[in-house]
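Q: The following comprises the amino acid sequence and a computationally predicted model.
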Amino acid sequence: MRLTAPRIAPLDIDTLDDEQKDALAPFLGTGRVLNIFRTMARAPKALVSFLQWGGYILSKRNSLSPRDRELVILRTGINCKSGYEWTQHVPIGIDAGLTDAEVLRIKGGPEADDWDMRDRAMLRAVDDLTGNFFVSDASWTALDFFTERQKMDLIFTVGQYTQVSMMLNSFGVQLDEGQTLDPALKGF
């Protein structure tokens, strides 16, 4: 984590105004509203729009399989050194079909041992996007197993989670209760 305290503190659920309550309505009553959403509720109109686009990225409307989507999100999170993002998505990735070994290997990137050609190609595309903000011709060609729509959704997903990581890192959003930071992300 880059910051040990929030720059923008999450709102206390008991002090929300009506606009903030409306923005957080999908989460209120669930028993837990994550720090990311309680922080973003300080800009309720932005949160509502963010949830719409994020809802596409995390839904079946995204043409990536849940496993592929989480592989891409986790690599984006580690590249952006976003402890919060990584911590939130590791269990989601496991639920989506990534193995514990694959989650660990994501940190090593596309050159880590034991990736198949498909996963290696996705990881390279993520590294291109988070490093150069452009998918190289070689990386694009290596994604030929994907449809045009899947390639677009890969880029949309990396873009969304790069933005999320920038917000989390810059706002200083801290881990939610009961979470533990991966040692690889301490001090960033």
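A: In hand now; what should we look at?

Q: So if we follow the domain assignment, how does the protein break up?
A: The chain breaks down by automatic domain parsing into domains covering 13-57, 66-171.

Q: what about the helices in this protein?
A: 18-23, 35-40, 44-57, 66-79, 83-95, 100-106, 117-132, 137-142, 148-171 (DSSP state H).

Q: Quick one: closest of these to residue 179.
A: helix 83-95 (5.1 Å; CB to CB). Where C-beta positions appear, they are placed from N, C-alpha and C, glycine not excepted.

Q: Which residues does the closest one contact?
A: For helix 83-95, the external contacting residues (CB atoms under 8 Å, 6 or more residues apart in numbering) are 1-2, 34-36, 67, 70-71, 73-74, 76-78, 100, 103, 161, 164-165, 168, 173-176, 179-182, 185-186, 188.

Q: One more: stretch 24-36?
A: Contacts for stretch 24-36 (CB under 8 Å, 6+ apart): 6, 10, 13, 16, 21, 37-38, 41, 47, 51, 84, 88, 164, 167-168, 173-176.

Q: tell me the mean pLDDT over it?
A: What stretch 24-36 shows for mean pLDDT is 93.

Q: End to end on it, go ahead and measure it.
A: The first residue of stretch 24-36 is 11 Å away from its last residue (CA to CA, to the nearest Å).

Q: now swap in stretch 171-187 and tell me
A: One end of stretch 171-187 to the other measures 16 Å (CA to CA).

Q: For stretch 179-188, the averaged confidence score.
A: Averaged across stretch 179-188, the pLDDT comes to 88.

Q: do the same with stretch 137-157
A: The model assigns stretch 137-157 a mean pLDDT of 98.

Q: distance between it and the chain's centre?
A: 18 Å (CA atoms, centre = their mean, to the nearest Å).

Q: buried set for that stretch?
A: Neighbour-count burial for stretch 137-157, counted by 16 or more other CB atoms under 10 Å, picks out 139, 140, 142, 143, 146, 150, 151, 153, 154, 155, 156, 157.

Q: what's the closest of those to residue 129?
A: Of the buried residues of stretch 137-157, the one sitting nearest to residue 129 (CB to CB) turns out to be residue 155, at 6.7 Å.

Q: And for the residue lying closest to that closest one once chain neighbours are set aside, the neighbour number?
A: Nearest residue to residue 155 in three dimensions, chain neighbours excluded: residue 129, at 6.7 Å (CB to CB, 6 or more residues apart in numbering). If you count neighbours by other CB atoms under 10 Å, residue 129 ends up with 23.

Q: now residue 36
A: Using other CB under 10 Å, residue 36 has 20 neighbouring residues.

Q: Now do it against residue 139, distance only.
A: Look at residue 36 and residue 139: by CB to CB, to the nearest Å, they are 30 Å apart.

Q: cool, and residue 172?
A: 33 Å.

Q: residues near the closest residue to residue 93 other than its chain neighbours, how many?
A: Nearest residue to residue 93, sequence neighbours excluded (CB to CB, 6+ apart): residue 70, at 3.7 Å. Neighbour count for residue 70, taken as other CB under 10 Å: 26.

Q: All good on my end, thank you.
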